[in-house]
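1. model this:
(chains A and B)
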Amino acid sequence: NAGVTQTPKFQVLKTGQSMTLQCAQDMNHNSMYWYRQDPGMGLRLIYYSASEGTTDKGEVPNGYNVSRLNKREFSLRLESAAPSQTSVYFCASSPTQGRGQPQHFGDGTRLSIL
Amino acid sequence: AQSVTQLGSHVSVSEGALVLLRCNYSSSVPPYLFWYVQYPNQGLQLLLKYTTGATLVKGINGFEAEFKKSETSFHLTKPSAHMSDAAEYFCAVSPLSGSARQLTFGSGTQLTVLP
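-> Numbers count the residues shown, from 1 in each chain, chains lettered A, B, ... in the order given. From the prediction side, this is the model:
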């Protein structure tokens, strides 16, 4: 099925470990996004990529890095995981950034940091 | 900076009753407006959006929302709730122009439908 695919779906890490969350979309979208979802706080933007070859910080970028590997793939890396990064992470894509275009979301990665 | 307020983190309605989920935005210029739904252990799905034109917007699953500029609101309604509507609902906005054109989400409203 067409859409946004995130891997893994679940992960448990120890404090200080590193990890990369993978995201791929097959809708030929130019823009991709990473969010974190915490109870009572909605979704907060971590990083986004308006187009292939560009990345920019969102609202909560500290402790994360991203790579736009190609037009399809956008990965999120935690270099040294901290308990405060326990969250559900969502990847999304849209044809372009803004202009009223809706974003399409993956099913999320549930990450626990012990 | 734009912001979104969803009044009521939890709303309960009886099956068959009216659903009303409230959303107000804060922006000097009316933005693009969206409602998303999230079912358990899933990502967000677009319910409906307002960009320009008619202020009453119809979406999927019988939901609709009305953009009221004077009230800076975009409330979501459905005339008759169904058990399958139980989910979390998010209102979101994005500006019409400017360099920062990302979505800003409200904190969400959990809808419970009682039998």
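2. So which residues on chain B come close to chain A?
-> B:4, B:9, B:32, B:34, B:36, B:41-46, B:49, B:51-52, B:90, B:94-95, B:97, B:101-103, B:105-108 (C-beta under 8 Å from any C-beta of the partner chain). (C-beta placed from N, C-alpha, C; glycine too.)
3. mind redoing it with 6 Å?
-> B:32, B:42-44, B:46, B:49, B:51, B:94, B:101-102, B:105-108 (C-beta under 6 Å from any C-beta of the partner chain).
4. and stretch B:4-22, which residues are buried?
-> Neighbour counts over stretch B:4-22 (16 or more other C-beta atoms under 10 Å in any protein chain shown) mark B:4, B:6, B:11, B:13, B:19, B:21-22 as buried.
5. which residues of the chain fall in strands?
-> Using chain A. Taking DSSP state E as the test, the strands found in chain A are A:4-7, A:10-13, A:19-25, A:31-37, A:43-49, A:56-57, A:64-68, A:74-78, A:87-94, A:104-105, A:109-113.
6. ah, I was thinking of chain B
-> So, for chain B - with DSSP E - the strands run B:3-5, B:10-14, B:19-21, B:24-26, B:32-38, B:44-50, B:56-58, B:64-68, B:73-78, B:87-94, B:104-105, B:109-114.
7. that older thread, from the residues of chain B next to chain A, which shows the smallest pLDDT?
-> pLDDT across the residues of chain B next to chain A is lowest for B:R101, at 60.
8. Thank you kindly, that will do.
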